[in-house]
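Visitor: Build me a model:
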Amino acid sequence: MNLDNEDGLPWTASIGRGWLTVLVVLTGGIALLALGIYLALWVRNKGRSSLPLYGWFLFTASCLVPESVTLPAWLDTIGGWSVGIVWFASIFALRHEIKEYFRERGFNQKISPFFTVLLSSAYLNYCLNPVTIFDDEVISLNIVPNASDLRK
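Guide: Presented below is the predicted three-dimensional model:
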């Protein structure tokens, strides 16, 4: 399965922030789950760990539990904390795998932990955009001349 665009990046990396925001709002946040799973599949397809993918699947499954399921209060509390921990671990495992993938290829990808927690998979997708610039300092990849290194 080919999950890359012509530059070896996920095809979602070229989606603008505005369109991604509209998509997330219109889907009630479900697009963030789908994007997280897609990015985890992409990084797994690049030969990295499957741990982020398992975490995103577990987190997505836990979000789909119907509200009609009644649990004792103590179990409901433990379940809520567990879902939060799984999400936190999944997003940071994905962040780590993305950074390691690019480090192996000679790129020092900067991905803020604060924005990773705040914006989840949307921020990770944004960081993969090769033309992301903030205050005249490149905070993402500028890999167009060396895109052949990422197709491996």
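Visitor: okay, CA-based contacts and neighbour counts for the rest of this
Guide: Noted.
Visitor: pLDDT weak spots in the chain?
Guide: Scanning the chain for pLDDT under 70 picks out 1, 6, 130-152.
Visitor: Number of residues surrounding S120?
Guide: 22 (other C-alpha atoms under 10 Å).
Visitor: actually V22, not the one I typed
Guide: V22 has 12 neighbouring residues, counting by other C-alpha under 10 Å.
Visitor: Count residues in the vicinity of the nearest residue to A122 once chain neighbours are set aside, would you?
Guide: Nearest residue to A122, sequence neighbours excluded (C-alpha to C-alpha, 6 or more residues apart in numbering): L32, at 6.5 Å. L32: 22 surrounding residues under other C-alpha under 10 Å.
Visitor: who touches the helix or strand containing L32?
Guide: If you go by DSSP states H and E, L32 is part of helix 30-45. Defining contact as C-alpha atoms under 8 Å, 6 or more residues apart in numbering, one finds that helix 30-45 is touched by 3-4, 10, 23-24, 49-50, 52-53, 56-57, 60, 91, 94, 97-98, 101, 120-122, 125.
Visitor: Which among these count as buried?
Guide: 3-4, 10, 24, 49-50, 52-53, 56-57, 60, 91, 94, 97-98, 101, 120-122, 125 (16 or more other C-alpha atoms under 10 Å).
Visitor: Mind checking which of those residues are in helices?
Guide: Judged by DSSP state H, these include 24, 52-53, 56-57, 60, 91, 94, 97-98, 101, 120-122, 125 as members of helices.
Visitor: Going by distance to G80, which of the residues you listed wins?
Guide: Among these, T60 lies closest to G80 (C-alpha to C-alpha), at 13.4 Å.
Visitor: contacting residues for the closest one?
Guide: Contacts here follow C-alpha under 8 Å, 6+ apart; on that basis T60 touches L33.
Visitor: how close does it get to S68?
Guide: 18 Å (C-alpha to C-alpha, to the nearest Å).
Visitor: what comes up buried for stretch 22-37?
Guide: 24, 31-33, 35-37.
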